[in-house]
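Engineer: Need coordinates for the below:
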Amino acid sequence: MLFNFFHLMPWPYCEEPPESWPVPNASFDADKARDLYETYTAAMAYAEDCGFDWVGCNEHHFSPYGLMSNCNLIGAALVARTRKIKLGMLGNLVPLLNPVRVAEEYAMLDVMSGGRLIAGFMRGIPHEYRAYNINPDESHGRLDEAARLIVKCWTSDEPFRWEGKYYNYPSISIWPRPMQRPHPPLLMSASNAEAAEFAASHHAIMGMTLIADLDVARQNMEVYRKAALSHGYEATPEHILTGHQTVIADSDEEALEIMRGGLDYFHRVLMRPQRQVQTEVLTKTDYYASTETKAYFDKRLATLRERTLEEQIEAGTVFCGSPESVVKQMTRVQKALGHGVFNMTMKIGNMPDAAVKKGMELFRDRVAPEVRGL
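Structural biologist: Next comes the predicted model:
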């Protein structure tokens with residue numbers, strides 16, 4: 001098993017739930033934010049000392065949900081603070097960005113880190129297309145074309161011309177090229193069957209960033225495995241990542257208390273404006289290619305919000321408890337799914353950073369030795 005320490009860099013100081021999106025930034029405090037960046041980046045670098053194989057960054061906009069509007073900046077900071085841990089950029093919202101610029105920045109991170117990049121090509125959350133004034137209906141096409149363009153940037157020895165539906169460049173020849181050859185591993189979000197098939201078509205790692213249902217996850221994995229074979233390769237366990245909110249403490253009771261507080265802030269405050277605008281965007285666009293996929297997305301959000309903590313643990317969404325309890329939970333999920341990468345979010349909402357650090361150390365000392373060989 002491989003383990004990714006994933007961080008959202010949330011803003012923990014909202015006194016009241018935001019009423020709308022974009023969230024007004026009048027209460028933003030740069031001094032507090034500077035301290036947060038230092039605390040959060042230090043925790044991400046500490047993941048290497050705690051036995052994690054990857055450290056994960058992501059990108060979000062216009063909200064206290066996360067302070068990482070450019071995950072590559074955090075990736076560059078981590079290059080200087082780490083030696084061997086993989087840098088999981090999970091990742092750039094490629095359809096919203098200039099794909100040649102993404103290719104260049106990812107190549108820089110790969111070279112600077114000595115070949116440690118995991119290159120996430122994410123489609124993004126629907127409302128973020130509004131943030132960057134991009135039509136959500138174009139998200140599939142933009143991601144597909146951008147992914148092909150970026151790989152060509154990385155693998156071409158000579159300047160080339162690109163004439164596509166969404167992107168046109170008269171001549172491209174990026175410096176530097178990535179260290180990993182032919183290119184860094186790709187990762188794409190794949191929490192439904194449609195996205196799983198898409199990820200397989202690009203030979204990308206399948207990333208289910210937050211498991212909502214083990215049976216559905218298993219079905220999506222089967223779609224991915226079959227699609228991978230049709231595209232000429234066999235998906236191994238290391239091609240499949242599953243996401244879980246995680247709290248590890250000395251006792252089950254302590255862990256549950258910490259998790260309840262963090263989840264309350266996460267759903268009541270951080271997710272509130274996102275939910276409202278996502279619903280609005282989805283009713284007016286074709287972000288999802290089918291009504292079945294849209295219905296699944298709506299149900300997934302409602303399920304994650306409405307389940308009790310105990311139900312989330314049973315569903316495999318959450319790992320929470322003493323080291324012994326978390327070992328049992330992780331073992332059960334891995335046996336059910338057969339995947340090879342756990343993506344663990346250990347800073348949830350406004351939970352104390354001291355509790356996050358303690359959980360990381362308990363993972364290193366008492367969880368990882370028991371589950372590494374699954």
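Engineer: quick one: buried residues of stretch 157-172?
Structural biologist: Across stretch 157-172, burial judged by 16 or more other CB atoms under 10 Å covers 162, 169, 172. Backbone N, C-alpha and C define where each C-beta goes, glycine included.
Engineer: just how off-centre is that stretch within its chain?
Structural biologist: Relative to its chain's centre, stretch 157-172 lies at 29 Å (CA atoms, centre = their mean, to the nearest Å).
Engineer: okay, how far is it across that stretch, tip to tip?
Structural biologist: 10 Å (CA to CA, to the nearest Å).
Engineer: Pretty sure residue 214 sits against residue 329.
Structural biologist: No: shown here, residue 214 and residue 329 do not form a contact pair, counting by CB atoms under 8 Å, at 11.6 Å.
Engineer: Can you tell me, leaving aside adjacent residues, what's nearest to residue 57?
Structural biologist: Once flanking residues are discounted, residue 57 sits nearest to residue 71: 3.7 Å by CB to CB, 6 or more residues apart in numbering.
Engineer: about what we covered before: out of the buried residues of stretch 157-172, which sit inside strands?
Structural biologist: Those of the buried residues of stretch 157-172 mapping onto strands are 162, 169, 172, per DSSP state E.
Engineer: which one of those residues is nearest residue 119?
Structural biologist: Of all those, residue 119 sits closest to residue 172, with 17.4 Å by CB to CB.
Engineer: and that closest one, bridged to which residues?
Structural biologist: residue 160 (DSSP bridges).
Engineer: need the contact list for it.
Structural biologist: 100, 152-153, 156, 159-162 (CB atoms under 8 Å, 6 or more residues apart in numbering).
Engineer: please redo it, this time with the cut-off set to 7 Å
Structural biologist: By CB atoms under 7 Å, 6 or more residues apart in numbering, the residues touching residue 172 are 100, 153, 159-160, 162.
Engineer: Who has more neighbours out of residue 214 and residue 329?
Structural biologist: residue 329 (21 against 17; other CB atoms under 10 Å).
Engineer: which strands and helices sit next to the host helix or strand of residue 354?
Structural biologist: Per DSSP states H and E: residue 354 is located in helix 353-362. Contacts defined by 3 or more CB pairs under 7 Å, 6 or more residues apart in numbering; DSSP states H and E place helix 353-362 against helix 30-49, strand 240-248.
Engineer: Check these for me and report the most buried one.
Structural biologist: Among the helices and strands packed on helix 353-362, strand 240-248 has the highest mean neighbour count (mean count of other CB atoms under 10 Å), at a mean of 26.
Engineer: from the chain's centre, how far out does that strand sit?
Structural biologist: Using CA atoms, centre = their mean, the offset of strand 240-248 from its chain centre is 11 Å.
Engineer: Give me the contacts around that strand.
Structural biologist: With contacts defined as CB under 7 Å, 6+ apart, strand 240-248 is touched by 4, 205-211, 217, 221, 224, 255, 258-259, 317-320, 323, 326, 337, 339-346, 348, 359, 362-363, 367.
Engineer: Would you mind listing the buried residues in whichever strand or helix holds residue 324?
Structural biologist: If you go by DSSP H and E, residue 324 is part of helix 323-337. For helix 323-337, the neighbour count (16+ other CB under 10 Å) marks 323, 325-327, 329-330, 333-334, 337 as buried.
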